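# just to be clear, the model below is a prediction. Sequence and coordinates:
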Amino acid sequence: MEIVSGAGPDAWGEVFQPCRGRYQSPVNIVTRRVLRDDCLGPFELIGYQNTFHGNFTNNGHTVQLDLPSTIKIKGGKLPVPYKAIQVHLHWGKEGGPGSEHWIDGEQFPMEMHIVHIKEEYDSLSQAVRDRSGVAVLGFFFQEGRSANKNFDPLINALKNITQPSSSTTLSGVSLQMFIPPQESLTKYFRYDGSLTTPSCDEAVVWSLFENVVLLSRTQLAAFSQLKVSNGEQMVKTYRPVQPLNGRPVYYSRGHVALVSSGLVIMTTLLSSAISLHTAA
């Protein structure tokens with residue numbers, strides 16, 4: 001979730017003074033400690049493939065693309081369907097470390113959050129009153145050797161919103177363009193946490209996908225051209241990781257491998273049985 005940028009390390013305590021609680025985000029996920037959850041199945045991404053025209057804004061702390069409410073998600077052990085409201089990103093400086101969540105102590109260059117709220121709510125402010133009112137799909141970015149053409153419309157639009165409170169229309173894009181192929185989205189981490197901007201409401205079901213999005217170094221660095229209200233670069237737009245405080249982090253992948261192994265074992269046993277029967 002978005003964070004106040006440009007505050008600098010010495011100001012973090014002051015910026016996040018309103019943020020209290022034991023279920024704060026982001027966190028560092030230690031993969032050897034995650035728990036397998038066989039019920040964390042695939043998501044149904046509704047409308048992710050549809051193109052739309054969205055308002056793309058420099059809001060002074062990140063860039064945000066507003067999404068049509070016809071985009072929804074189901075499955076993934078979510079209690080109800082959730083509708084999309086916006087997508088935003090967090091980045092470092094000139095392509096350096098900038099993700100909010102860390103994996104095994106590694107901070108990625110960028111992280112994208114697609115924010116959804118339960119269908120029954122009209123706004124984020126309503127949804128955060130519900131412990132599971134918000135569902136965020138998080139995607140990590142890595143540096144690739146070549147440019148990711150799918151991101152050209154978004155990155156080209158950055159030059160139109162370099163100043164805070166400026167906006168433009170992003171036309172003819174779809175969420176499907178900005179994420180890995182849907183068939184690769186079965187591997188993800190899940191935990192309960194908070195928004196990462198004050199007042200950091202503890203109302204978020206986080207799903208962080210293992211498969212990364214690749215952008216070139218030039219594309220990653222393009223976000224550093226944006227400005228904050230004091231005219232400085234909009235860089236290092238992330239909140240530091242927070243204590244887990246005993247919260248479990250679940251992982252969706254393990255049961256797939258176990259099922260596959262089971263099938264191999266079962267096939268071997270059946271083949272042996274057939275061979276013995278034939279020999280007899």
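Yes, it's here. Numbers count the residues shown, from 1 in each chain.

# any idea which helix or strand in this structure has the lowest mean pLDDT?
Counting by mean pLDDT, DSSP states H and E, the weakest-scoring helix or strand in the chain turns out to be helix 254-279, with a mean of 38.

# what's the longest strand along the chain packed up against?
Longest strand in the chain by number of residues, with DSSP state E as the criterion: strand 204-215. In terms of contacts (3 or more C-beta pairs under 8 Å, 6 or more residues apart in numbering; DSSP states H and E), strand 204-215 is packed against strand 134-143, strand 188-193. The C-beta positions use only the backbone N, C-alpha and C, and glycine is treated the same way.

# mind listing what the most centrally placed residue in the chain touches?
Taking C-alpha atoms, centre = their mean, the centroid of the chain lies closest to G138, which sits 0.8 Å from it. Applying C-beta atoms under 8 Å, 6 or more residues apart in numbering to G138 gives the contacts E100, H101, E111, M112, H113, I114, W206, S207, L208, F209.

# need these in CSV with neighbour count and pLDDT, can you?
Formatted as CSV, these follow (neighbours: other C-beta atoms under 10 Å; pLDDT from 0 to 100):
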residue, neighbour count, pLDDT
E100, 27, 98
H101, 25, 98
E111, 25, 98
M112, 22, 98
H113, 24, 98
I114, 24, 98
W206, 24, 98
S207, 24, 98
L208, 24, 98
F209, 21, 98
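
# quick one: contacts of stretch 165-177?
Here stretch 165-177 has contacts from 45, 47-60, 65, 67, 71, 84, 87, 114, 150-151, 153-154, 157, 160-161, 182, using C-beta under 8 Å, 6+ apart.

# from these, which land in strands?
Using DSSP E, the contacts of stretch 165-177 in strands are L45, F52, H53, G54, N55, F56, T57, N58, L65, A84, V87, I114.

# drop anything exposed from those.
For these, a neighbour count by 16 or more other C-beta atoms under 10 Å gives the buried set as L45, F52, G54, F56, T57, N58, L65, A84, V87, I114.

# ok, residues contacting stretch 90-108?
1-3, 25-31, 62, 109-113, 138, 140-143, 196, 208, 212, 217, 220-221, 223-224, 233, 235-239, 241.
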